[in-house]
Structure formats: C-alpha cells, structure tokens
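Chemist: Here is a sequence with its predicted model. Questions after.
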Amino acid sequence: MKKLPLKPVVAAAMLAMAATGAMAQKLDFGGSNIYIKFLDGDQRRSSDSSGDTASGADQGQWSEFELRIKATISRQVEAGVRLQSRSPAAYWTNFGFNNNEGFTDSNARPQQSKFMKLRGAYVLLTPGYSWLDQALIGSSDWGQFDPFTVGVVRYIDRDNYNGLYFKGSLPVRGATWEVGRLSLPSYLQSNYGQGPACCGSDDTQFNEAVYIGQLKGSLGPVKLASSYQFFNDRVLADTDGTDLNGRDSRTFAKNKVAMIKAEGSVAGIDLKGALYGSTYKAPFFDQPWINSPKSDVRGKAIKLDAAFASLPVKGLSVNYQYFDIGAGYYSNTATRRESDVLLTEGSEAAWYKWGDAIWLGGAAKDYQQAPSSAKCFVSGGGRCRSDSGLAAGANGLVDNDFMDFDEAPNESVQGWKGHTLVANYEIAKIPMALELTRLGYNYNWQNGSSALANYFAPFNDRRTNIGVFKIGYVVPAMGGIELGAKVKRVLDKNKGQISNAADDRETRDNGYTLTAGNQLFGDLYGALSYGRYTRDIRTPGLNVDNEKSITGIRLSYNLAGFETGLLSQWVSGDGDPGETGTRRDIKQYRMKAFVKAIF
Amino acid sequence: MKLRTSPLHTLAVAAALALGAATANAVEFTDPRGDDKGPGNYTYPTDGVYKSGSFDLVKLSAVKSGNNVDFSVDVAANLEDPWGMGGGFAVQMVFIFIKTGAPGGRSDTWTGINAKFAPGHEWNKVVVLSPQKKARVTGEAEAKLAALAKDVVVPNITRGRGRTISGTVPLSELGGDGNVDGWSYQVVMQSNEGFPAATDFLTRKVNEYEGQHRYGGGHDGDCDPHIMDVLDGPDAKQGEMLAYECGPAGESKKIATLKMVKK
C-alpha cells in the first residue's frame, strides 16, 4: 500500500497550531495566596459558621488558599478565575475533614471543611470595534458605577455580582457609554426574593437582574456622568392552569434609580455635585425582617462638595460637603460596605455594637459610611440602641457580617442630611485636621412612614454633632517615631415622640487616642496605642455612664511576597452596656494575627 | 566707630541667616494641572476609586532637614484610602528619580515603567513614595529590579494628607553632596498595584482600553510608557518625553525617554 505523506503534514500542522496556541496564551497566577488567621480572646468563643468576631468567635486558627488565574488568550480575549478554599469555620483543631470533628452541630457545613469554591470567573473581550471597547461576561465587583447606584459588593460569603458589562466610546472626544446587567442575588431582591407575600419563592428569582446604563463625558472643563437603572422583581403568574403553553410571569416590585453628577474647577476651587433619585414600588408587605421597603417609596439624594486647596495660607486646605440623603432613597445594589461615601468619619467606632460582650472594645477602625438601607445592630427598649433613630431590628442592606474587630464597621447614610467641614493645616511638619459635622435626619417625623417602618423608628426628632481633631508629628529619631493624637466628640440627641418626654435620649461620646509607631527595623513596623473613651447616656428614666480604655499593640512584618500582622488590645473600664441599671466592670483581651504569602 | 547692636537686631540677622540657609537647602518644582494623560491620550481606570486628578502631579518639593531630606508630592485631588492601606492614601505610587551629584548614573529603568533616561540625564537614586509597607516595597525591589534595587530608597514612613504625599529619607541613603537645590529630579506618577504582574514593581499597567483597574490609551504590550504624569521642565516636555512607538508584535521601536529637571 502506498503511503501518503499526509501524516507528517498533519503532525506539522497540529504542532504549528499547538505552538500558536502556546505562544498566544499567557497564564498569570499573580495574587494567588495563602492566608492564615489567628484569633485569641478571653471570651473563649467559637462559631460553627465562620471564625470571625461578627460571627461570634474570638479564638481559633484557620487557613485559606486562593488561586487566581488570568489567561491572556489572545489580543482580544482574556479570561480569569478565582478559586478559594471556603473554610472560615475549618479550625486547625478539627483537622479539615468533613465529619464535623469538634463541632456540636451535626450537620456538616461546607465552611467547616476545606473545600475549594469557585469565587469568580470572567471572560473579558476587547474586540477592537469602533463602537465597543470591551465586554465582560461573568464576575466583577462592579466598581465602575457610583456607590449610590451600583456599588462594590464584597460580601465574603456570596462574593461578587455576576453579570454582563459592555463599554464603548461615544462620537464625542473622551465620552463613553456603559451598560450592565447584574444578576441579582436572591438576598438583595425584594423581600429577600420571597415574592409579594410571606413566604414563597419561585423559579423567576434565578433570572432576576438589575439593568444599568451610564454615560460619561466632558462639557468644556466640566466632567459629567449620568446613569439610569431598573430592577423588575417578578413572580409566576399562571392563570390558565397548564404549563404546556409556557408559564407567564408578572412584575410585583420595581426599583428605579437615576443619577447625574458633575465636577470641575472654578477659581482654584474644585467643585463636585451629584443628584440621585429613586423609586420603589411594591405591594405592602408587613414583615419586620424584610430588607426592602415595605411598600411604595421614593427619595432623592444630593451631595455637593467644594475643595479649597489653593488658599493664601500655606499649608491650609479646606473641604466642605453638603449632603441630603432621603429616608426613602433606595437602591438595592448600592454599596453595602467598603465604601466611604461622605466626607465625615461618622460615629465613634470604639462603641460599635456596645452591649454585645464580644465587641466590648468596639471596632478598631473608624466607621465607613455606606448608602445601603439602614440596619440595627443592638436592639433594646423598642429601638436600635446603637443608633437611636433606627427601628428595633431594622434589617436593611448595610453589611457588617463576617468581619473581625480590626476592620471598619459600616453605617447607613440613608436619611442623613447636613454639613461637613474638614480643614487640614500643616506647620513646622505638624499636620493637623479638624472635622466638624452637623447632622439632621430626613426621618425626623412623628408617626412616620409605614413604608419605611422596618428601617426607622416611628418617632424621631434627632440631631447629631461630630467634632474630630487630629494631630501628628514624626520625631526625627530612630528613623522616625510617628506620634499621633486624636480627640473626638459625638453628641446625639433624639427627642423621639415630641409629646412624650419619657422617650428622650441623649448620647455623648467623648474620647481620645494616642499612638506612637516606629519602623523598628527594615522589615518590622510596630505601634503602641492608648485610648480612653466615655459614653454618657441620658434618658428621663436612667442615666448611664460608660467608660473604658483600650491599650493596643500593632505589629507588621513584611518580606517580599510575605506579610504578617498582629493587633492585640486590652479593654478595661466599667459601665452598663445592657442599660439594666447595674454597673459592671468591663474587661476584654482580644488578638488577631494573620500570615499571608502572596505568589 | 563702634557698632551698637541690639538683641532684636541680632535676632533678626540670625533669623535671616537661618532662613537663607533653609532656602538654600530646599527646592520646589511645579507641574501643570490636567496633564495626567501620559503621552496625551491615556485614560484612568474605570473603577470609582481612581478619582479625577489622583495621578495629576502638581508639585514636587525636596527639603534638607538636618541629616534627612523631606520629599513631598502634591496631586490635584484629595487623597483617600479606599483600600485601607493605613497611610492616608492608596491608589498612588510615586517614583522620584534623582541625580544627587554623586558620580555615575543610570539611564535604564524597569518593566512596568517602560522608559529610559536620555544621555546626560542619568539618575542615581530613586525615592519611592508608596502606600505599601516599606518592607514590601524594598522586598519587591530586591525581587524584581536586580541591580537597580540598591539605588531604591524608601522612607520609613510615607503618609498622605490632604493632597500631599510625603516621606523622609536619610541623606546618607541618597549620597551626594546634600545640596538638594542643586540636584536634578524627575517624577513618575504611577499607581499602587497590590497584585502586580510577575515582572512589575508594584505598578499598574496601561492597556489599549482602560479596564476597571487598568489605564487605557496605550498598548497591551510593554512598548508604551506606563506613566500618567511626569515633571515638566523648560527642556523636558511631557509629550516629547513620553512619545513612543510600538512594533506590530508589541515590541518597542521607540522607547519613552525622560529628562531630568533642575532649578
């Protein structure tokens, strides 16, 4: 039989194709890491669901592994995957098996075992068309949009939104368009995806999405951006009793949000303005636990900023912000955490979750403000004690779950209105900053909105003043000893029901923090801190004086591709966190350390 | 004639001398606003943390203070720390290239900047103002910059306040004669990338199209300068310095060429 010379040709072609593929494809594992966490504390508590302070754990050791892969497949195609062991409750001591060793909970949970999980996957196309710059299919944190509209979501248990994102240029220099379709997780849908009445669910929830379009451009020296988004929450609407002709759906709830913002400079003053409007329509659903408004509501939000950076006084800069966030302003995809949307540093974090034994020292980082709907963290006496304007059990979307005490807690700005002035001044290498914030509330009402009764107390007459002064100096010794001091005062008054003096409440937070830090040697930074804080509560029936000191040590050690950090705190004081009328000594020791190898 | 000197007069003379001495050991450069576009058409990443003006260099100052030199760089936007770096800023990364007066110098830089220095404009030290911990920066330098790493100087403490990023380094680490007003400088405005590419020194890439965390307007290869702003000088025009040319396969045909600026 005659041998055809086809085989070597095919082999050569295959080799050539393989070679082409190998040359075109580049794999990047940058950012992959091993993260190991250590908690220790004298509450001696563990959690079956997740090893963190918010989940109720103050002791244990855990490991997580994250593998990031970015493949540059061709000039036009990139793909990425993020795999991570989802094991926040897999204590080192329970050996990593799935038999729940050491747990009283008989149902093995995935987070108690060292299972790997797909946390994100995307394909990014840059096809090079004149009308389309890029298309993203899959996971993103959606930080391309405004925090008040579609904001970043880093809810660790559910990871990022998935969806479709397209971006292109407009036929005006520098102008762009963006369109997104975000598949909305059930827990962000109206009534937690339960439909219009308690407590059903249907298959339509798996195809629900928020659609958003955004335009950006410039008009002379002014930069402009605007967006519009809508969400239609649907349920099945079969009326003919047969599935043979398909199943109909109907919309029972709608959320629409529009935004326009502008920024530019006039006479050395940088100006920014943003206006948001929202509507939410849904049949009345009278459950306290739902995360969306109970029924129809509309609202607006306004932010105006002026930055004076070129003042005649050398070293002085001033920033001013006016804000008016409607009580009924609601976007179900607004940032839930990890965003600071207002100029103010907000409430005193040292009193975060005061009343909860595992949070006696509060949070070690300043509050962040998030535009999601309000949530109450410590209820008592028919209202939210940690935020006197909120309803007891207010169940909005601001997220403080799965966080440790060294992280920044978040508070909702829904319903806030007021002014913030921040002045920075530096003289003789001594930087100083002064913040003054005056807050009123759009939920200052008497027998207020039933649609928002699951967020805000029915009677409010509330004012808050915040004053913060910070000063620092680097002593030119030992390579620089960094000294810092901060004094903060927050005065919060709420007369509640005007005709009822019995529900008046005044909270005065005063405190100072002193820190000293030094690069002890090339790889190790250390800092000591001491803070003393008081919280005095005045009500017609009870006066409560709380005071505590927090002494802390922070260490940070880095090598190339390796970092480790430690924060230990000792909390001591006395007070009446439960507002029971009985004063008690307060003591807590807590420590968090981590080791991270990045490769 | 006997000169009579009042204590006030003596104090005034001493103050003037002190002021003169201080002035002689300080230098300040300004850079035009609104030129944070690299060679002219670069765009910011699309994520909301990259605020307009964040990479727009406005001013560089170097002040000799005892045995130290204080560096500060002003940008055209308020500094923010959305990633919780702890130093008052997060998205910026500043390289201050210096010719200190000491002999020798380099014209090369590294991947991730993708630029060189023109003949006669060599540098011999680069001060890095980064929100990352000092040890991370020096560790990355040692791992990725090879022989250049020994000329990287990182302040023990780098802080951002208002619109100013500043850090202090010992004069002994810079070498030279200590006359900061006689030195030459160039500033490269980049962005702090916590998860850089394997070859990049904590820098953010410039691509053809801007992405959520990537600059746009350049090239997907490493033939374009990954620089948003540099210090303009009488003989150092940004558009000319950052001009580049790429080959069809992304190879560099003309590399961006920086010049030092001197008072």
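Modeler: Cool, the structure landed. Numbers count the residues shown, from 1 in each chain, chains lettered A, B, ... in the order given.

Chemist: Give the burial count for the residue of chain A found nearest chain B, as a bare number.
Modeler: As assessed by Cβ to the nearest Cβ, chain B sits closest to A:Ala560 within chain A, at 2.9 Å. C-beta here means a position set from N, CA and C on the backbone, and glycine is covered the same way. The burial metric for A:Ala560, expressed as a neighbour count using other Cβ atoms under 10 Å in any protein chain shown, is 17.

Chemist: again, but for A:Lys493
Modeler: For A:Lys493, which is what you asked about, the neighbour count (other Cβ under 10 Å) is 16.

Chemist: doesn't A:Arg538 make contact with it?
Modeler: No. With contacts defined as Cβ atoms under 8 Å, A:Lys493 does not count as touching A:Arg538, sitting 9.1 Å away.

Chemist: Pull up the overlap in contacts between the two.
Modeler: Common neighbours of A:Lys493 and A:Arg538, using Cβ atoms under 8 Å, 6 or more residues apart in numbering or on different chains, are A:Asp504, A:Arg505, A:Glu506, A:Thr507.

Chemist: what number of residues lie near the first one?
Modeler: Other residues near A:Asp504 come to 18 when the count uses other Cβ under 10 Å.

Chemist: cool, the second one as well?
Modeler: By other Cβ under 10 Å, 19 other residues sit near A:Arg505.

Chemist: Report the secondary structure state of the residue lying closest to the residue of chain A closest to chain B once chain neighbours are set aside.
Modeler: With sequence-adjacent residues excluded and distances taken as Cβ to Cβ, 6 or more residues apart in numbering or on different chains, A:Ala560 is closest to B:Gly139, at 2.9 Å. Under the three-state scheme (DSSP: H, G, I helix; E, B strand; the rest coil), the conformation of B:Gly139 reads as helix.

Chemist: which one of the shared contacts of A:Lys493 and A:Arg538 is nearest A:Leu215?
Modeler: A:Thr507 (43.6 Å; Cβ to Cβ).

Chemist: wait, is that closest one part of a strand?
Modeler: Yes. A:Thr507: assigned to a strand according to three-state DSSP.

Chemist: wait, doesn't it sit right on A:Asp536?
Modeler: Yes. Judged on Cβ under 8 Å, A:Thr507 makes contact with A:Asp536 at a distance of 7.4 Å.

Chemist: in chain B, which helix or strand is least confident?
Modeler: Sorting the helices and strands of chain B by mean pLDDT, DSSP states H and E puts helix B:7-24 at the bottom, at a mean of 46.

Chemist: Next to chain A, which bits of the stretch 101-250 of chain B? Give me the list.
Modeler: Taking Cβ under 8 Å from any Cβ of the partner chain as the test, the list of the stretch 101-250 of chain B residues beside chain A reads B:133-136, B:138-140, B:142-143, B:155-157, B:159, B:161-164, B:168, B:170, B:194-198, B:207-212, B:216, B:220.

Chemist: ok so, going back, how close does the residue nearest to A:Ala560 sit to A:Ile598?
Modeler: Computed with Cβ to Cβ, to the nearest Å, the distance linking B:Gly139 and A:Ile598 is 11 Å.

Chemist: For the stretch 101-250 of chain B, just list every one of the helices.
Modeler: If you assign secondary structure with DSSP state H, counting those that start in this stretch, the helices in the stretch 101-250 of chain B sit at B:134-144, B:171-174, B:238-241.

Chemist: Which elements pack onto the first one?
Modeler: With contacts defined as 3 or more Cβ pairs under 8 Å, 6 or more residues apart in numbering or on different chains; DSSP states H and E, the secondary structure elements packing on helix B:134-144 are strand A:524-538, strand A:543-559, strand B:152-153.

Chemist: one more time with 10 Å
Modeler: With contacts defined as 3 or more Cβ pairs under 10 Å, 6 or more residues apart in numbering or on different chains; DSSP states H and E, the secondary structure elements packing on helix B:134-144 are strand A:505-521, strand A:524-538, strand A:543-559, strand A:562-575, strand B:125-129, strand B:152-153.
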